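Predicted structure and sequence below. I'll ask about it afterward.
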Amino acid sequence: MRVLSVNVALPREVTRDGQAVTTAIFKQPVNGRVPLRRLNLDGDRQADLTVHGGPNKAVYVYPSEHYAYWATKLPDRPLGWGMLGENLTTEGLLETAVHVGDRFRVGTAEVVVTQPRMPCYKLGIKLGRPEMVERFLASRRSGFYLAVLREGEVGAGDSIELLARDPNEVAIPDVVRIYVQDRDDVDTLQRVLQVEALPDNWRERFRQQLARHEPQLSER
C-alpha cells in the first residue's frame, strides 16, 4: 500500500447558476514532502467549515483503482490525481478492506480512519455534472477521511502501514450502506456505535436509527 499523489488546494471562487461559490475542491498534486498537521496538509484548506474540515476530516483519501471506473462514466473529462477532491491518492487501500477506527502510518504521520465521504454539490460543479452526488453515492466508491493522531510528513511514494485494526470490523462500505440504504441493519448499527473513532454526528444519527428497534431488542 502506498501514496501515489499528495493533492492540495486553497479556497477559490467559482460561479454556479450565476452565483458565486467558494470551494477548495480543485486539488492539485504537489511535489516533495508535505507536513500533515492536525487539521490538514500544509497548503490545503476547506472553504465551508460547517460541513468540511475539522480534526475528523483532516485528510481525504481516495483509491486510485476507482479512476478507471470514473473514466468510463466521464469520458469527456481528463481525470488526473486529485480530480475527485482527494488529498491522498492511494494504491492498494480499497474501502472494502478499511474499517472505521483502523490506524495507519503514512509517511512519518499516524492516522485513524473516521468516516466515509458524503459528497456535496461542489463535486458536481467541478466535474460539470449536477447529478454527480447521486452517481458518486450509487457507485459505492466513497473514499474515506482520516484524523491525525501524530503529525508528520507525507509524500508521493510513501508506504502506508497498517498499525491496528478496529476490533468491531465495520468497513467503510458498511457505514455508507446503513446511512443511505439498510437503515434497519441492527447488527451493524450496534457494532458501529462501539467504534471509538466514529465522529459524534455519525454516532447520533446511528443512535437514532437503532432507537427505533429498542422495543424488539428488549424482547430478545
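Good, I have the coordinates.

Strands along this structure, start to end?
Counting by DSSP state E, the chain has strands at residues 2-8, 12-16, 19-23, 28-29, 34-36, 59-63, 88-91, 103-106, 109-116, 144-150, 152-154, 160-164.

Give me the residue at the spatial middle of this structure.
Centroid check for the chain by C-alpha atoms, centre = their mean gives Phe144 as the closest residue, at 2.5 Å.

just for this structure, where's the confidence low?
Applying pLDDT under 70 to the chain picks out residues 47-51, 215-220.

Residues in a beta bridge with the nearest residue to Ala58 once chain neighbours are set aside, which ones?
Nearest in space to Ala58, with sequence neighbours left out and distances taken as C-beta to C-beta, 6 or more residues apart in numbering, is Val148 at 4.9 Å. Heads up, the C-betas are built off the backbone N, CA and C, glycines and all. In this entry, Val148 is beta-bridged to Val111, by DSSP bridges.

I'd say Val148 and Arg38 touch.
Yes. Val148 lies in contact with Arg38 (C-beta atoms under 8 Å); the separation is 5.1 Å.

Show me which of those two is the more surrounded one.
Neighbours were counted for Val148 and for Arg38 using other C-beta atoms under 10 Å; Val148 has more, 20 against 12.

dump the residue contacts of that one.
If you count contacts by C-beta atoms under 8 Å, 6 or more residues apart in numbering, Val148 has them with 36-39, 55, 58-59, 109-111.

Report the buried members of the residues you listed.
36, 39, 58-59, 109-111 (16 or more other C-beta atoms under 10 Å).

and Arg177, how far is that from Thr188?
8 Å (C-beta to C-beta, to the nearest Å).

These two: who's more crowded?
Taking other C-beta under 10 Å, Arg177 and Thr188 do not tie; Thr188 has more neighbours (19 against 16).

So the more buried one versus Lys122, what's the distance?
Separation of Thr188 from Lys122 (C-beta to C-beta): 29 Å.

Pull the number of nearby residues for Asp42.
Neighbour count of Asp42, defined by other C-beta under 10 Å: 12.

Grab the nearest non-local neighbour of Gly43.
Nearest residue to Gly43, sequence neighbours excluded (C-beta to C-beta, 6+ apart): Val8, at 4.2 Å.

Also Leu210?
Leu189 (4.5 Å).

One more: Leu162?
Setting aside the residues directly before and after it, Leu162 is nearest to Phe104 in space (C-beta to C-beta, 6+ apart), at 5.8 Å.

That neighbour and Val14, how far apart?
33 Å.

Counting neighbours, go ahead and name the busier of these two.
Between Phe104 and Val14, Phe104 has the larger neighbour count (other C-beta under 10 Å), namely 21 against 14.

Mind listing the shared neighbours of Val148 and Arg38?
By C-beta under 8 Å, 6+ apart, Val148 and Arg38 have these common neighbours: 55, 58.

Report how many residues lie close to Cys120.
Cys120 has 15 nearby residues by other C-beta under 10 Å.

ditto for the one 5 residues further on
Counted with other C-beta under 10 Å, residues neighbouring Ile125 total 19.

same question, the one 10 residues further on
Each residue near Arg135 was counted by other C-beta under 10 Å, and the total is 17.
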